[in-house]
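Student: Sequence isn't available, so here's the structure alone:
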């Protein structure tokens, strides 16, 4: 990996991202911004840091579970035309957290989390409406992290059960993960996920 290549790094485990950055850039002029929610004021701090002149390469890392849309928009110009010797790394649990305009400017890399995915245990090819509602009711009160793990597990089960989803349907699952990160209702998200699979297999 070229040190001057800015990119997005995606991993569900943000602590693993931070370890990866420290291991791979330990001998680098490294500046890390890691708020829980990356807001406009954080973006302004990043921009100020980027315009401090450097004779050697400086890596600016932004790590957060969410990136405010206004903050992302404020970074577009500097991401497209970074100052001399500046590299940006934007890190989040999902690529869908980032605006399409941000994703189009940066390479996207994925770091696998060590977290074991939850599986639904459902046979999607035999699954009926009553099973869907029963499963959703059972998972009504699960926490956010468990919900994200379960949606990821369902995606893996789709592949294991050889159910072919369209590119649009796959991107829809990415959106569900993003909504889970934003604390959307587990019932609504799981219902959307399972009905998408149900409709696909019944076409």
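Tutor: Received the coordinates, thanks. Worth saying up front: this structure is predicted, and the values here are computed from it rather than measured.
Student: What are the buried residues along stretch 59-73?
Tutor: By 16 or more other C-beta atoms under 10 Å, the buried positions in stretch 59-73 come out as 59, 60, 61, 62, 63, 64, 65, 66, 67, 68, 71, 72. Every residue, glycine included, has its C-beta placed from N, CA and C.
Student: Helices of this protein, residue ranges please.
Tutor: Counting by DSSP state H, residue ranges of the helices within the chain are 14-24, 40-50, 69-80, 100-103, 129-138, 144-160, 167-181, 186-201.
Student: what's the closest of these to residue 31?
Tutor: helix 40-50 (5.5 Å; C-beta to C-beta).
Student: Check which residues of the closest one are buried.
Tutor: For helix 40-50, the neighbour count (16+ other C-beta under 10 Å) marks 42, 43, 45, 46, 50 as buried.
Student: follow-up on the earlier one: which one among the buried residues of stretch 59-73 gets closest to residue 160?
Tutor: Checking those one by one against residue 160 (C-beta to C-beta), the nearest turns out to be residue 65, at 28.2 Å.
Student: The closest one and residue 182, how far apart?
Tutor: According to C-beta to C-beta, to the nearest Å, residue 65 stands 10 Å off from residue 182.
Student: related to what we said a few turns ago, most widely separated two among the buried residues of helix 40-50?
Tutor: Greatest spatial distance in the buried residues of helix 40-50: 42 and 50, 12.7 Å, computed using C-beta to C-beta.
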